[in-house]
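*Asks:* Sequence and predicted structure, then a few things I'm wondering about:
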Amino acid sequence: MITDVRGFDISDVKLDVQAYYFQEGDHDSPSKRRTAGIDADEDDMPQLRVTMLPSRSLNGAWDSLVFDDPIPSRLLKFMTRMMTLFRNPAINSSVINWNRLMLLHGPPGTGKSTLAKALAQKLTIRLGKHFTQGKLVEINAQAVLSKWFGESSKLVGRMFDAVLALAEEETTLVCLVIDEVETLTSSREKASNSNECGDAVRATNQVLTALDQLRHRQNVIVICTSNLIETIDVAFLDRVDIKQFVPCPRAEAIFDIFRSSINELIRCELLVPSPDPKDVVVWHPRVPMKVHYEHAWETDACWRKEFAEAKFIFPLHVTITNLNHRPNSPSRRVLRAAKRCVGLSGRTLRRLPFLALAMYTDREPCKVYEGLAALSRAIDVELKKNEPMQERIKDSYVDEKDMEEEELEEDGERPYTPTVQHPYYDMTNS
Ligand SMILES: Nc1ncnc2c1ncn2[C@@H]1O[C@H](COP(=O)(O)OP(=O)(O)OP(=O)(O)O)[C@@H](O)[C@H]1O
């Protein structure tokens with residue numbers, strides 16, 4: 001990850017360039033599946049989905065995810081290195097144990113499934129010199145147990161046979177993604193204690209057996225996701241090489257999620273910066289600079305540069321203060337919104353700016369400050385829905401609010417009071 005926008009001396013950098021092209025089309029059809037090596041029609045195995053990699057449909061997924069810690073790049077580096085090191089034929093796999101099995105776990109909507117698929121795409125590109133193509137195989141674990149109740153273990157066995165068939169071609173990297181893996185690998189101990197039916201137990205046994213078979217295929221990576229790690233069988237957890245907790249984003253990441261969503265709305269011209277003093281930040285290079293020429297220091301490039309530089313040197317509030325001193329500038333308002341949203345999932349946060357526009361504005365295009373006022377209203381509603389959860393984080397929110405007010409006082413800033421009260425103006429800011 002490049003964290004220094006000033007760049008690197010080329011002589012200090014070891015470049016590893018991989019050329020690739022996207023496979024067209026979205027997911028598989030029955031005929032595509034047969035081409036991919038699975039001898040089953042749509043009705044036979046709807047729980048298995050194959051996508052050729054690198055896929056255009058996954059382009060951008062990696063960059064759309066925002067985390068406070070560099071979780072994706074850490075996992076990518078680790079997996080790339082392990083896959084490369086393990087290609088060494090001298091390694092005795094009975095002595096050095098590695099299952100190529102990763103588990104992403106955490107609360108719902110935190111980007112686990114997206115990260116799993118984006119990781120598969122990146123690995124296919126990074127390992128391009130070892131594998132000529134990649135296949136993403138997705139298993140919908142929930143569908144296996146619900147539809148074929150009583151026959152789950154048989155179906156699990158068939159699904160893994162299909163994956164093994166795909167992996168026959170050693171130059172194909174097969175990335176198997178199993179969502180909600182706890183459904184297929186529920187704790188056998190708990191099941192027997194509670195006299196639950198044997199179907200789930202047999203399915204767990206089958207998964208464990210299949211994983212032991214896949215372990216010997218150097219071209220297969222298994223990435224699982226779960227919201228309920230505590231219900232997973234210990235034997236499965238014991239086989240996992242990397243367990244990565246994927247948390248809800250904190251304020252800084254939320255700020256970035258909102259920022260990129262709002263920039264996208266500006267790019268699509270659903271939001272437009274206005275000459276209103278509340279809107280003076282130019283958020284995107286496509287927005288004509290002449291509109292806000294006198295504020296050109298705040299252009300996107302400059303903004304990003306300052307943010308990227310400051311991000312790693314100063315705490316968050318200083319970063320934002322550096323960017324814009326006015327308390328009601330868009331960046332300040334987004335920051336305040338972000339601080340209120342700590343505890344919400346990435347899925348909810350990604351939805352909020354667009355939802356706000358649809359629900360709380362009534363003309364097109366909207367001014368940026370109107371969009372931000374709408375966002376604030378949408379957050380109020382969302383927080384009300386999540387009151388029990390918000391109770392838990394209330395204390396930290398209050399602290400952050402106080403901190404913000406103290407900051408303003410220290411900066412010698414007075415709260416902004418609009419001269420004309422716009423109907424959509426965010427009252428919480430005045
Ligand atoms: N950290 C994040 N940064 C940006 N967007 C996110 C983040 N987390 C989730 N999202 C958004 O939410 C959407 C849904 O995420 P995804 O389905 O990958 O979450 P999940 O953790 O697998 O959820 P679940 O556990 O409910 O299956 C993503 O497509 C993305 O738009």
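*Replies:* Thanks, I have the structure now.

*Asks:* going forward, measure contacts and count neighbours with C-alpha atoms only.
*Replies:* Fine.

*Asks:* Around the ligand, pick out the residues from this structure.
*Replies:* Residues of the chain lying near the ligand by Cα under 6 Å from any ligand atom: 64-67, 108-114, 227, 249, 257, 346-347, 350.

*Asks:* Are any of these buried, and if so which?
*Replies:* 64-67, 108-114, 227, 249, 257, 346, 350 (16 or more other Cα atoms under 10 Å).

*Asks:* Inside helices: which ones of the residues you listed?
*Replies:* Among those, the members falling in helices (DSSP state H) are 64, 112, 113, 114, 257, 346, 350.

*Asks:* Could you identify the most distant pair in those residues?
*Replies:* The largest separation in those, counting by Cα to Cα, is between 113 and 257 at 17.3 Å.

*Asks:* Give the buried residues for stretch 128-140.
*Replies:* Residues of stretch 128-140 classed as buried: 128, 130, 131, 133, 134, 135, 136, 137, 138, 139, 140 (neighbour count, 16+ other Cα under 10 Å).

*Asks:* between those, which is closest to the ligand?
*Replies:* Nearest to the ligand, judged by Cα to the nearest ligand atom, of these is residue 140 at 10.8 Å.

*Asks:* Tell me the bridge partners for that closest one.
*Replies:* residue 179 (DSSP bridges).

*Asks:* is it true that it touches residue 48?
*Replies:* Yes - between residue 140 and residue 48 a contact is recorded at 6.7 Å, counting by Cα atoms under 8 Å.

*Asks:* And for residue 24, nearest residue in space, chain neighbours not counted?
*Replies:* Spatial nearest neighbour of residue 24, excluding adjacent residues (Cα to Cα, 6 or more residues apart in numbering): residue 56 at 6.1 Å.

*Asks:* for residue 121, that is, sorry about that
*Replies:* Distances taken as Cα to Cα, 6+ apart place residue 54 nearest to residue 121, at 5.4 Å, with adjacent residues excluded.

*Asks:* residues near that neighbour, how many?
*Replies:* By the criterion of other Cα atoms under 10 Å, residue 54 has 24 neighbours.

*Asks:* again with residue 261
*Replies:* Residue 261: 19 neighbours (other Cα under 10 Å).

*Asks:* give me every residue that touches it.
*Replies:* Counting by Cα atoms under 8 Å, 6 or more residues apart in numbering, residue 261 touches 350, 353, 354.

*Asks:* in the stretch 251-400 of the chain, which spans are helices?
*Replies:* With DSSP state H, counting those that start in this stretch as the criterion, the stretch 251-400 of the chain has helices at 251-267, 300-311, 316-323, 330-340, 346-360, 368-385, 387-410.

*Asks:* any idea which of those scores lowest on pLDDT?
*Replies:* Ranked by mean pLDDT, the helices of the stretch 251-400 of the chain end with helix 316-323 at the bottom, a mean of 36.

*Asks:* got any ranges where the stretch 101-250 of the chain has weak pLDDT?
*Replies:* Applying pLDDT under 70 to the stretch 101-250 of the chain flags the ranges 146-150, 190-197.

*Asks:* repeat that with 80
*Replies:* Low-confidence segments of the stretch 101-250 of the chain, defined by pLDDT under 80: 140, 142-153, 187-200.

*Asks:* Next, please give the residue ranges for the strands of it.
*Replies:* For the stretch 101-250 of the chain, strands defined by DSSP state E, counting those that start in this stretch occupy the ranges 101-105, 133-140, 172-179, 220-226, 242-245.

*Asks:* List the strands paired with the fourth one, with their directions.
*Replies:* Same thing as strand 220-226. According to DSSP bridges, strand 220-226 has these partners: strand 101-105 (parallel), strand 172-179 (parallel).

*Asks:* quick one, the longest one and strand 133-140 angle?
*Replies:* Between the direction of strand 172-179 and that of strand 133-140, the angle (axes from the mean of the first three to the mean of the last three Cα atoms, to 10 degrees) works out to 20 degrees.
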